[in-house]
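J.: following is a predicted model, sequence given first.
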Amino acid sequence: MSNGKEIERSEVGKLLRAGGYLRAYDALVRQTEREVAKAEKSTVAQRKLLSRLAIEKHDSERLSDLEEKAAALIATINANLIDLKKPRLLTKRKAEALMQELLDQRDLKEFLEVRKEMIREAVFNSLNIELEAEGVEDPENTNGSIPVPKLGKRFVREACGPKDPNLNEEKLKTLLGEELWDQACEVEEIPEQVIPAHTQTTLSIERLMKLAESNPAILESIRDALEVGGFKTPRFTVRNL
């Protein structure tokens, strides 16, 4: 990546000084794309970023390259015949052909994954707008669907909602005190195996709740030891109508 002085002297720096902030941003994006493309090793994330930028900016050069790879893939597979019934050494030419085919498949796979993610975002954004109009308080974490009757399918956002609370056992142990904690735990003697013999102490939810029957204050301790873990990651899928 370019350092600060290099950027200051570049086209980006000139645009910034002239107040062309949007054009400076676009120039910086183009500069980043070129640097990523020139890198000897690019990560999956970098390649996916380039694919997404190509779609968003209608980059005809990159999209045409992917289109050619997609159109030629079946012909390439037919040309790169593999007879697995007769194992044999790969010639240099054959290895190169198979490697090129595999790299083309990788590029297309990553491109399709990027496109699917963009469709997911478009569907979720639409659901958020619709649910908000209906008065739903937290539309982003609410299940929903968009029917497509002509195809007999529907886009679906599901598995939304808060994560199950996690019981912080260390905090609960402090809240209960040693005596009650010991009563709520099960103790097991583990014989010597790979590791030396030892005693294993495990919290028993069943014992804990039995103790709470006669001591309601324990329920308050349990509640205070529960940690809410935010929201689940919604699942995006397609289902039949």
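T.: On my side now, so go ahead.

J.: longest helix in the chain, please.
T.: If you go by DSSP state H, the chain has its longest helix at helix 92-133.

J.: how far off helix 92-133 does the helix or strand just after it point, in degrees?
T.: The helix or strand immediately downstream of helix 92-133 is strand 144-148, counting by DSSP states H and E. Relative orientation of strand 144-148 and helix 92-133, computed by axes from the mean of the first three to the mean of the last three C-alpha atoms, to 10 degrees: 110 degrees.

J.: what lines up beside strand 144-148 in the sheet?
T.: strand 153-158 (antiparallel) (DSSP bridges).

J.: off-centre distance for the partner strand?
T.: 18 Å (C-alpha atoms, centre = their mean, to the nearest Å).

J.: helices or strands up against the longest helix of the chain?
T.: helix 44-56, helix 60-79, strand 144-148, strand 153-158, strand 235-240 (3 or more C-beta pairs under 8 Å, 6 or more residues apart in numbering; DSSP states H and E). In short, each C-beta sits where N, CA and C put it, glycine included.

J.: what about that helix, average pLDDT?
T.: Averaging pLDDT along helix 92-133 yields 94.

J.: just stretch 160-176 next, same as before
T.: 89.

J.: measure that stretch end to end?
T.: Start-to-end span of stretch 160-176 (C-alpha to C-alpha, to the nearest Å) is 33 Å.

J.: give me the buried positions along it.
T.: Buried positions in stretch 160-176, judged by neighbour count with 16 or more other C-beta atoms under 10 Å: Cys160, Leu172, Lys173, Leu175, Leu176.

J.: make JSON lines out of those and add secondary structure and distance to Ile195.
T.: Listed next are these as JSON lines, based on DSSP: H, G, I helix; E, B strand; the rest coil; distance: C-beta to C-beta, whole Å:
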{"residue": "Cys160", "secondary structure": "coil", "distance to Ile195": "42"}
{"residue": "Leu172", "secondary structure": "helix", "distance to Ile195": "27"}
{"residue": "Lys173", "secondary structure": "helix", "distance to Ile195": "24"}
{"residue": "Leu175", "secondary structure": "helix", "distance to Ile195": "31"}
{"residue": "Leu176", "secondary structure": "helix", "distance to Ile195": "29"}
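
J.: which residues of this structure score low on pLDDT?
T.: 1-42, 194 (pLDDT under 70).

J.: what distance do you get for the residue in the chain sticking out farthest from the centre to Glu117?
T.: Going by C-alpha atoms, centre = their mean, the residue of the chain most distant from its centre is Ser214, 45.7 Å out. Distance of Ser214 to Glu117, given as C-beta to C-beta, to the nearest Å: 53 Å.
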